[in-house]
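Visitor: Structure of the sequence below:
(one chain, ligands or ions: 1)
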Amino acid sequence: MLPPLTFQPILKRIRWGGRRLGTLLHKQIGEACDYAESWEIADHADGQSLVADGPLAGQSLSSLIRNHGQDLLGRQSLGSQFPLLIKFLDAHDWLSLQVHPDDRLAKQFNPSENGKTEAWVIIDSQPDSQIAAGLRAGVTSEQFCEALRNGTVESCLNLISVKPGDCIMVPAGTVHALGPGIVLAEVQQQSNLTFRLFDWGRVDSSGKPRPVHVEESLACTDFTRGPVAAVEPVQLCDSSHPFEELVRCEHFVIRRHRFLDPIRISTDDRFRVLICLNGSAVVKSKYGNAQMPVATTVLLPACSGVTQVIPTGPVTMLEVLCP
Ligand SMILES: [Zn+2]
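Guide: I've put the predicted structure just below:
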């Protein structure tokens, strides 16, 4: 009998961050200029979401899973950890060039970690914003290692321009980096395992470079993956309205709904994560309501059944679920 849940954002300051989590996404930031990530839904040693309001205010996501696992996760209640980590990111500067392990490799590096397949939906970007999305076609592990040694790694990267609305799928093993000027929503496995290949020659305030993990990175890199392009959305329709499927992989499905009139989401005994990218709405299930202003995230428990999402104007919303 859980109502739709909202959580307190967990803000992470990292030196590539900026101020747009506050100015664009209305998060409560302070004076600093390096707000990088807002963890919206997290169940990890590095961040644990707390319910923002209502009768369950202050409870952690992990305790909700312990005490209400069946209601929250429904037929996906086998694990003891929430399977997805949902974030907003503000890349004010280049992120390090990085790669994430898959589930099998992650357990080798850290038995309590998961693999990290992630997907990005661009919210805002500059006209010259770029990302590194995979390696250029035909780049071998030998060529890549050589380029890392010589400081010419950029010649190996598939650099692409992005614009708001683009969705980029980054399976574990894909070499990637986000470039300056990009604000996005990220859906990923519940993991915080990143290996840095290259940090663009930068040093921190004490003059030291951040550590890189070339050996681990190369062990995780899928050299058959090649260049990555923005996904082609698939147009679908259910009984209530048309929507787009952006991603379907073994870890998550991402749908995008654009609507002016109320829509229905049937949870079908699986949880949903709703991410409001534009406009605002109210989420109404038989167990309660949640306000969903722009740039907020609502967790719809599996027990919610048929739930209404009632917009106050034009809304763009992501719906995330496990397949
Ligand atoms: Zn990443």
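Visitor: drop to CA atoms for contacts and neighbour counts, all remaining ones
Guide: Fine.
Visitor: Let me know the distance separating Gly17 from Ala295.
Guide: 17 Å (CA to CA, to the nearest Å).
Visitor: Sticking with the nearest residue to Pro180 once chain neighbours are set aside, tell me its helix or strand.
Guide: Spatial nearest neighbour of Pro180, excluding adjacent residues (CA to CA, 6 or more residues apart in numbering): Asp93 at 4.3 Å. Using DSSP states H and E, Asp93 falls within no helix or strand.
Visitor: next one: His68
Guide: Element membership for His68, per DSSP H and E: helix 61-73.
Visitor: mean confidence for that helix?
Guide: In this model, helix 61-73 has an average pLDDT of 96.
Visitor: sec struct for Leu159, please.
Guide: Classification of Leu159 by DSSP: H, G, I helix; E, B strand; the rest coil places it in strand.
Visitor: can you check Gln143 too?
Guide: Using three-state DSSP, the structure places Gln143 in helix.
Visitor: Report the separation between it and Gln98.
Guide: In terms of CA to CA, Gln143 sits 17 Å off from Gln98.
Visitor: more neighbours, these two?
Guide: Gln98 (23 against 13; other CA atoms under 10 Å).
Visitor: For the more buried one, list the residues it contacts.
Guide: Counting by CA atoms under 8 Å, 6 or more residues apart in numbering, Gln98 makes contact with Val175, His176, Ala177, Thr194, Phe195, Arg196, Leu197, Phe198, Ser217.
Visitor: What about those residues, which are in strands?
Guide: Secondary structure assignment by DSSP state E places His176, Ala177, Phe195, Arg196, Leu197, Phe198 of the contacts of Gln98 in strands.
Visitor: Redo those residues as JSON lines? Include pLDDT.
Guide: Putting those into JSON lines (pLDDT from 0 to 100) gives the following:
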{"residue": "His176", "pLDDT": "97"}
{"residue": "Ala177", "pLDDT": "96"}
{"residue": "Phe195", "pLDDT": "94"}
{"residue": "Arg196", "pLDDT": "93"}
{"residue": "Leu197", "pLDDT": "92"}
{"residue": "Phe198", "pLDDT": "91"}
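Visitor: Tabulate those (TSV), appending neighbour count.
Guide: Below are the ones in strands among the contacts of Gln98 laid out as TSV (neighbours: other CA atoms under 10 Å):
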residue	neighbour count
His176	24
Ala177	23
Phe195	22
Arg196	23
Leu197	22
Phe198	22
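Visitor: Other residues contacting stretch 187-203?
Guide: With CA under 8 Å, 6+ apart as the test, stretch 187-203 has contacts from 42-44, 46, 82-87, 95-101, 106, 113-120, 148, 209-214, 216-217, 251.
Visitor: For Lys87, which non-adjacent residue is spatially closest?
Guide: Trp39 (4.5 Å).
Visitor: picking that back up, check which helices and strands the helix or strand just after the helix holding His68 sits against.
Guide: Using DSSP H and E, the helix or strand that follows helix 61-73 in sequence is strand 84-91. Identification of packing neighbours for strand 84-91 by 3 or more CA pairs under 8 Å, 6 or more residues apart in numbering; DSSP states H and E yields strand 10-18, helix 20-23, strand 35-41, strand 182-189.
Visitor: Starting from strand 84-91, tell me which strands it pairs with and how they run.
Guide: Sheet pairing here is set by DSSP bridges, and for strand 84-91 it gives strand 35-41 (antiparallel), strand 182-189 (antiparallel).
Visitor: tell me the mean pLDDT for stretch 234-250?
Guide: Across stretch 234-250, pLDDT averages out at 92.
Visitor: for stretch 31-46, same thing?
Guide: Here the average pLDDT along stretch 31-46 is 97.
Visitor: Would you agree the residue nearest to Pro180 is in contact with Trp16?
Guide: Yes - at 4.8 Å, Asp93 counts as touching Trp16 under the criterion of CA atoms under 8 Å.
Visitor: Mind listing the shared neighbours of those two?
Guide: If you check Asp93 and Trp16 against CA under 8 Å, 6+ apart, no residue is contacted by both.
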